[in-house]
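# whatever this is, show me its structure:
(2 chains)
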Amino acid sequence: MRRATIVIGLVVLAWTVWDTGADPVRLARGIPWILDFLRRMLPPDLRVLPAALLGALKTVEIALLGTAVAAALALPLGFLSARNVAAPPIFHPARAALNFFRSVDTLVYALIFVAAVGLGPFPGVLAVVAYTTTSLAKLYSEAIEGIDRGPVDAITATGATRLQILRFGVLPQVLPLFLSYVLYRLETNIRAATVLGFVGAGGIGFYLQTYLRMIDYPAASTVLLVTVAMVMVVDAISSRLRARLV
Amino acid sequence: MIEIAGLRVVLPPAVAAVDGVDLAIAAGEFVVILGRSGAGKTTFLRALNRLVEPTAGTVRVGGRAITGADAATLRGLRRKIGMVFQQFNLVRRASVLDNVLAGRLGWTRTLPTLFGRFGTEDRRIALECLAQVGLAAFAARRADTLSGGEQQRVAIARALAQAPSVILADEPTASLDPALTGSIMDLLKAINVRRGLTLVVSQHQLETARAYATRVVGFRRGRVVFDGAPVALTPAVAATIYSEER
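Residues are numbered from 1 along each chain as shown, chains lettered A, B, ... in the order given. The predicted structure follows:
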């Protein structure tokens, strides 16, 4: 049984190597071109630094606003898709909806929203909201399902209403987890938002794509360096905040 | 104060945890429910305020039926019944005062409390109850920084904040250092004597039952096998309560 699984796995992998045309020799032949590309990117053209920084700021704004709105929208959804809070007739459709919408990536949502509301950062924000709401709701609901039943019993026994039970028995247990998930999502959304500009949804990705199209590699490398710096700064701040929560 | 007739609780899959209990408890009694672990004491207490739904039978508290009551009536009855748990069931991350304030939830309007707002009268009552268990100085501390014995005192203060006429205590000393058993039981006894509250306390320790109860009800396999004064609790009776075979 186990051997059969391994054999099947190897066959599948071999087939994918053949079907994708994966070829180490081709990669080796390409290495000089990669080096040439890198060489042409140096030195970075710092004249485009102000534009790159503005683009980075816009990307951070897209991620920040999108994540904040999603964090709030995901709250009711999270409770409705938690097995130990919602009744089965609500829980099952809510879970199914989350899984459905979560299977589409932020970039695909961006394509849809650019078509709907036009170019710029706004469709980017909408795309971040669309994906992050459902992915956070899923994380929220799993946190809610993992709570200690004891405080919920205690609050119930005081004669509290259902909303009060959620607020005083459930929320204090899950809130630090929720905040930690939101910060984690903010980190991944910064990364996701860098490519939103590729499809016209604003931010630093727009500049990267523009300079690459204009074959202005020194300018593109400045944008790339700013992107790396931006992601690292946000990651550092966010992970420090998260460490405080737990 | 509490009238129980034909109470049966069948827990999934098909265990009759409480198997036909008739009991009338008068106001001001200190009743100890005595039995081995697994005798149905916890389920019995939880059925009294319907944290566990009874399968059959009736429970009346203060003359009003708790079994069959609609949600609003049930909440109104629950707030007159304080409950203390073996594991304290405090919200560990919340402050001591916030935990005690939760005892006021049944008496407050839902909306302000959802934003963490309590009236000055509620705060006064909570602080007073905290003082009564000797922890006034701990109000601002986080609940999980307190020792087990202190946490159980906070839980008792939370029950007192309900201004209840009955307190149900489920093995309140079982997860504490044996040296603390006396202080917690003394506190419950003082509440019983000074405030004239009816107490129903489950215990597996014979000596504790003898020392504090005005009446002992022996449970074995979900049934009452003894009901009388502590002095009537002879070694032969104790042997019946604690015996294993049917």
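
# those helices in the chain, which residues are they?
You didn't pick a chain, so chain A it is. All helices of chain A, identified by DSSP state H, fall at A:2-19, A:24-41, A:49-80, A:88-102, A:106-117, A:121-145, A:149-157, A:162-165, A:171-194, A:204-213, A:217-245.

# that's the wrong chain, I wanted chain B
Using DSSP H, the helices found in chain B span residues B:41-48, B:71-78, B:96-101, B:110-114, B:120-132, B:148-161, B:178-194, B:206-212, B:235-242.

# report the contact partners of the residue most central in space within chain B.
Most central residue of chain B, judged by C-alpha distance to the mean C-alpha position with CA atoms, centre = their mean, is B:L168 at 1.8 Å. B:L168 is in contact with B:L45, B:L48, B:N49, B:I81, B:G82, B:M83, B:V84, B:V200, B:V201, counting by CB atoms under 8 Å, 6 or more residues apart in numbering or on different chains. Where you see a C-beta, it was placed from the backbone N, CA and C, and this is true even at glycine.

# coming back round to it: what's the closest of the helices of chain B to chain A?
Put simply, out of the helices of chain B the one that sits nearest chain A is helix B:71-78, at 3.9 Å, with distance taken as CB to the nearest CB.

# got the angle for that closest one vs helix A:149-157?
Relative orientation of helix B:71-78 with respect to helix A:149-157: 100 degrees, computed using axes from the mean of the first three to the mean of the last three CA atoms, to 10 degrees.

# could you pull out the buried residues of helix B:71-78?
Along helix B:71-78, the positions that meet the burial threshold by neighbour count (16 or more other CB atoms under 10 Å in any protein chain shown) are B:L74, B:R75, B:L77, B:R78.

# show me what the helix or strand bottoming out on mean pLDDT in chain B is packed up against.
Among the helices and strands of chain B, helix B:235-242 carries the lowest confidence by mean pLDDT, DSSP states H and E, at a mean of 86. If you count contacts as 3 or more CB pairs under 8 Å, 6 or more residues apart in numbering or on different chains; DSSP states H and E, helix B:235-242 packs onto strand B:215-220, strand B:223-228.

# got the residues of chain B near chain A?
B:46, B:49, B:51, B:75-83, B:85, B:87-94, B:102-107, B:110, B:113-114, B:155, B:158, B:162 (CB under 8 Å from any CB of the partner chain).

# what about residue 39, how many neighbours?
Here I'm looking at chain A. Counted with other CB atoms under 10 Å in any protein chain shown, residues neighbouring A:R39 total 9.

# the intended chain is chain B.
Other residues near B:A39 number 24, with proximity taken as other CB under 10 Å.

# name the nearest residue to it, sequence neighbours excluded.
Counting by CB to CB, 6 or more residues apart in numbering or on different chains, B:F219 is the residue found nearest to B:A39 once chain neighbours are left out, at 4.3 Å.

# what's near enough to touch that neighbour?
Counting by CB under 8 Å, 6+ apart, B:F219 makes contact with B:I33, B:L34, B:G35, B:A39, B:G40, B:K41, B:F44, B:V225, B:I241.

# so which of those residues is surrounded by the most neighbours?
Counting neighbours by other CB under 10 Å, B:L34 comes out on top of the contacts of B:F219 with 30 neighbours.

# wait, it touches B:H204, no?
Yes - contact between B:L34 and B:H204 holds when scored by CB atoms under 8 Å: they sit 7.3 Å apart.

# pLDDT of stretch B:81-100, averaged?
When pLDDT is averaged along stretch B:81-100, the result is 94.

# which parts of that stretch are buried?
Neighbour-count burial for stretch B:81-100, counted by 16+ other CB under 10 Å, picks out B:81-92, B:94-100.

# how about the residues of chain A by chain B?
A:150-151, A:153-161, A:163-164, A:167-169, A:172-173, A:176.

# restricted to buried residues, select these in ChimeraX.
Selection of the buried residues among the residues of chain A next to chain B in ChimeraX, burial being defined by 16+ other CB under 10 Å:
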select /A:150,151,153,154,155,156,157,158,159,160,161,164,167,168,169,172,173
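
# list the residues that contact the residue in chain A that chain B sits nearest to.
Ranked by CB to the nearest CB, the top residue of chain A for proximity to chain B is A:G159, at 2.8 Å. Taking CB under 8 Å, 6+ apart, we find A:G159 in contact with B:R75, B:G76, B:L77, B:R78, B:R79, B:K80, B:L105, B:G106, B:W107, B:Q162.
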